[in-house]
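> fold the following, please.
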Amino acid sequence: MERITISIEENLALEFDALIRQRGYQNRSEAIRDILRKYIETDRITESRATHCVANVSYVYVHHERQLATRLTELQHAHHDLTVASMHTHLDHEYGIESVLLRGRIKEVQALADKLLAETGVRHGAINLIPVDGSANRHSHAIEGAHRHTHTHYRPKT
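This next block holds a predicted model:
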């Protein structure tokens with residue numbers, strides 16, 4: 001671990017300390033590391049330096065919207081190579097919330113997430129996309145009595 005020193009205005013330091021307490025960080029270093037990771041990963045995505053990601057797409061949807069649950073499921077099935085898992089629960093008689101975990105190439109994951117969120121009846125959607133190093137970590141394994149199988153190990157870049 002490398003130690004760095006920074007100087008900031010007193011008002012900014014006070015606001016930062018309040019944020020640290022509010023978010024439950026143990027110290028400034030933990031908070032600074034998280035801020036830096038987020039900034040670096042956002043920059044990687046913006047500048048198209050990252051190619052792979054893991055993502056969570058969450059949205060509130062109307063249960064009774066015509067065929068919405070079927071359309072959402074069909075989208076996930078059509079992109080089974082990107083879809084890892086999904087979970088939904090009922091909020092009340094009218095609304096549910098669903099969370100879909102995705103992984104793969106950023107452009108493909110983003111396109112699927114956008115399609116899910118654009119479905120009529122989907123409300124309050126959000127995408128949490130995290131760049132990962134997926135291209136260099138491909139592994140091939142032989143499972144006893146079965147064919148060879150290749151998969152990718154995804155690791156956060158920072």
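> next, Tyr61: phi, psi?
Backbone torsions of Tyr61, given as degrees, to the nearest 10, read phi -140, psi 160.
> so, low pLDDT: which residues of the chain?
46-47, 134-152, 156-158 (pLDDT under 70).
> try it again at 90.
For the chain, the stretches with pLDDT under 90 are 1-6, 8, 26, 30-31, 33-52, 63-66, 69, 129-158.
> top helix in it by residue count?
Counting residues, the longest helix in the chain under DSSP state H turns out to be helix 28-46.
> for that one, packing partners?
helix 10-23, strand 122-133 (3 or more CB pairs under 8 Å, 6 or more residues apart in numbering; DSSP states H and E). The way it works is simple: take the backbone N, C-alpha and C, and place the C-beta from them, glycine included.
> outline the domain layout of this structure.
The chain breaks down into these domains under automatic domain parsing: 10-46, 52-133.
> can you put those domains in JSON lines and add distance to His153?
Shown next, in JSON lines, are the domains of the chain (distance: least, CB to CB, whole Å):
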{"stretch": "domain 10-46", "distance to His153": "18"}
{"stretch": "domain 52-133", "distance to His153": "9"}
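> and of the ones you listed, who's closest to Tyr154?
Checking these against Tyr154 by CB to CB gives domain 52-133 as the closest, at 4.1 Å.
> give me the buried positions along stretch 82-97.
By neighbour count on 16 or more other CB atoms under 10 Å, the buried set for stretch 82-97 is Leu82, Thr83, Gly96.
> sorry, that was for stretch 55-63
Of all the residues in stretch 55-63, those buried under the rule 16+ other CB under 10 Å are Ala55, Val57, Ser58, Tyr59, Tyr61.
> just checking: what are the partner strands of the helix or strand the first one falls within?
Meaning Ala55. Assigned by DSSP states H and E, Ala55 falls within strand 52-62. Here strand 52-62 is paired, per DSSP bridges, with strand 95-105 (antiparallel), strand 122-133 (antiparallel).
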